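[1] Let's see this in three dimensions:
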Amino acid sequence: MPFTASQVRAELHALVRTFRADLDRRSFEIPLQQKMRLSAALDKIRTIIRNRSTRSSYFTELEIDLLDIEIDSFIALIEPDIGGRLIERDILDVEGRTVVGHEQHSWLTLAEQMKVVLESIPNELIEQDEQKFEFIQGNLPLLSDVVPNQKVSPVHFDIKNERLVLTHHRAEASIEDSQNVFQARSMLIQSGRKIIEELQRSNCDRRFLDDVVAVQEQLESAQDIIRLGILNIACEEQRKEFEPELPGLLVGKLRAQCANIAMYVAQFPEWLRYAENASEVELSAEDIQYSQQAANEIAAQFEAIPAKVDPEVPRTLRAISEAVSDPATATKRVSFALVRTLENLFIRIFAHVSKFTDEFTSQSLAKVAKVASSAVSISFGTLILGYATNLAAIYEKVPGMAWLKTAVDLFKKIVASSS
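    Purely as a prediction, here's the structure:
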């Protein structure tokens, strides 16, 4: 068992590499979503290991806590169908540098070995003396200086009483259009209710009915005009798919309703700004697909902590992701909705963390670590870090999103207490 900090890091890094190599094998056939979940968990562990010099002679308490959390999360993701899969790992020499042999273990056994390695770290390697550190942020920009305000998007987030929630705002048309907008909305509400009644009497697919109801509820709320526009586009795409199953007269009503809602949202300046921003973005089908995977994975993790995340948050993340029915053919407005929603999520979480890191720039690292640890736990920083890291590389091509990579790099240095 390793007994120096560098040996422990080398051992953990070797185990992470072993899992990643096995995941990359073509013979390892598991659902893409499951593979993405495992890869993201390994990325988090690797991020913590790498954000401290392998020559460092100690660990911080924060590092130990973060590694403990992320290794437990990784183990929890190993489902029975792969837990028994055999995997070959390298045996390193005592210096942790040279491969001297190989041995086979099951996935679950090898994952639990990471926990054993972590628990083997003696107390003398865990640094607790505040005087040996200087807070690194004195030589770094403040996180709050890097993170922008939330942007024009279908979804906005907030953290209230240490709980992640959505925020809503009324759809505001220009003064000269306000009367026409009010009348149009009233007519659309009435026609939408009649269409839903007819759909309920028909044998249409329940999924399509749910989509129509979602558009109607958003319309009647008089809030979040961009979300209404995106849901309407998605509903129109679904209508085309289910049209052969519907009566001809009802199809005509649905077409007219979707077209009229599209004209309705076009009267709002906020929608026009959003549409203009979306037109400037070029993303590949692979970029969009990865964004979908990230949104769904984050939603799944949020669903597991309802005390910290309002259930409306994961529901909305899934709805925006599902609006992209086909990444290869999705319109820019719909695919950009997903990108901008994830960006606003990252903005809110990083902004929350910055309240702690900025406030204590003059304090010792040990004190900051305790505060930062609380901030990470409350604000879900480590939960989204792996996704933000991977998406930052993709989103660099999106105008106005270069901040994400800078924030991710800075956040890693802060939470990992890098010197």
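
[2] quick one: contacts of stretch 267-287?
    152-153, 171-174, 177, 180-181, 184, 225-226, 229, 265-266, 291, 327-328, 332-333, 335-337, 339-340, 394, 397-399 (C-beta atoms under 8 Å, 6 or more residues apart in numbering). Any C-beta I mention is one placed from the backbone N, CA and C, and that applies to glycine too.

[3] The same query, at a cut-off of 6 Å, please.
    Applying C-beta atoms under 6 Å, 6 or more residues apart in numbering, the external contacts of stretch 267-287 come out as 152, 171, 173, 177, 181, 225-226, 229, 265, 327-328, 332-333, 335-336, 394, 398-399.

[4] Can you go through these and name the buried ones?
    For these, a burial check counting by 16 or more other C-beta atoms under 10 Å picks out 152, 171, 173, 181, 225-226, 229, 265, 327, 332-333, 335-336, 394, 398.

[5] Can you classify residue 166 as helix, strand or coil?
    strand (DSSP: H, G, I helix; E, B strand; the rest coil).

[6] Tell me how many other residues crowd it.
    For residue 166, the count of nearby residues is 16 (other C-beta atoms under 10 Å).

[7] does it have beta-bridge partners, and which?
    residue 157 (DSSP bridges).

[8] Greatest separation within the buried ones among the contacts of stretch 267-287: which pair is it?
    181 and 394 (36.4 Å; C-beta to C-beta).

[9] So this structure: which segments form each domain?
    For the chain, automatic domain parsing gives the domain ranges 5-128, 143-169+280-415, 175-267.

[10] winner for burial among those?
    Stretch with highest mean neighbour count among the domains of the chain: domain 143-169+280-415 (a mean of 19; mean count of other C-beta atoms under 10 Å).

[11] which element is the residue of the chain most remote from its centre on?
    When distances are taken from the C-alpha mean of the chain, residue 249 lies farthest, 41.7 Å away, according to C-alpha atoms, centre = their mean. Residue 249 belongs to helix 248-265 when assigned by DSSP states H and E.

[12] Any buried residues in the next helix or strand after that helix, and which?
    Once the chain leaves helix 248-265, the next helix or strand it forms, by DSSP H and E, is helix 269-279. Across helix 269-279, burial judged by 16+ other C-beta under 10 Å covers 270-271, 274-275, 277-278.

[13] I'd like those as TSV, with distance to residue 158 and pLDDT appended.
    Shown next, in TSV, are the buried residues of helix 269-279 (distance: C-beta to C-beta, whole Å; pLDDT from 0 to 100):
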residue	distance to residue 158	pLDDT
270	18	91
271	22	93
274	20	93
275	25	92
277	22	89
278	24	91
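
[14] now these in JSON lines, with distance to residue 122?
    Output for those, formatted as JSON lines (distance: C-beta to C-beta, whole Å):
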{"residue": "270", "distance to residue 122": "58"}
{"residue": "271", "distance to residue 122": "60"}
{"residue": "274", "distance to residue 122": "55"}
{"residue": "275", "distance to residue 122": "59"}
{"residue": "277", "distance to residue 122": "54"}
{"residue": "278", "distance to residue 122": "55"}
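
[15] tell me which of those residues is nearest to residue 347?
    residue 277 (15.1 Å).

[16] measure the closest one to residue 226 for me?
    As judged by C-beta to C-beta, to the nearest Å, residue 277 and residue 226 stand 10 Å apart.

[17] Sketch out the helices for the stretch 101-250 of the chain, chain order is fine.
    107-119, 143-146, 178-201, 206-221, 225-242, 248-265 (DSSP state H, counting those that start in this stretch).

[18] Just put those in JSON lines and tack on distance to residue 30 and mean pLDDT.
    Formatted as JSON lines, the helices of the stretch 101-250 of the chain follow (distance: least, C-beta to C-beta, whole Å; pLDDT from 0 to 100):
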{"stretch": "helix 107-119", "distance to residue 30": "11", "mean pLDDT": "87"}
{"stretch": "helix 143-146", "distance to residue 30": "36", "mean pLDDT": "80"}
{"stretch": "helix 178-201", "distance to residue 30": "38", "mean pLDDT": "92"}
{"stretch": "helix 206-221", "distance to residue 30": "26", "mean pLDDT": "93"}
{"stretch": "helix 225-242", "distance to residue 30": "29", "mean pLDDT": "92"}
{"stretch": "helix 248-265", "distance to residue 30": "38", "mean pLDDT": "94"}
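
[19] Mind checking these for the one nearest to residue 59?
    Here helix 107-119 is closest among these (C-beta to C-beta), at 9.4 Å.

[20] hmm, who's touching the closest one?
    Here helix 107-119 has contacts from 11-12, 15, 67, 71, 75, 78, 82-83, 85, 87, using C-beta under 6 Å, 6+ apart.

[21] redo that, cut-off 7 Å
    The contact list for helix 107-119 (C-beta atoms under 7 Å, 6 or more residues apart in numbering) reads 2, 8, 11-12, 15, 18, 67-68, 71, 74-75, 78, 82-83, 85, 87, 89.

[22] Next: stretch 246-262.
    Residues outside stretch 246-262 that contact it (C-beta under 7 Å, 6+ apart) are 188, 191-192, 195, 198, 202, 204, 215, 219, 232, 235-236, 239, 243.

[23] Name the nearest of those relative to residue 32.
    residue 235 (26.4 Å).

[24] Pick the one among the buried residues of helix 269-279 closest to residue 211.
    Taking the buried residues of helix 269-279 together and measuring to residue 211 by C-beta to C-beta, the closest member is residue 271, at 19.6 Å.

[25] With adjacent residues omitted, what lies nearest to that closest one?
    Using C-beta to C-beta, 6 or more residues apart in numbering and skipping residues adjacent in sequence, the residue nearest residue 271 is residue 265, 4.7 Å away.
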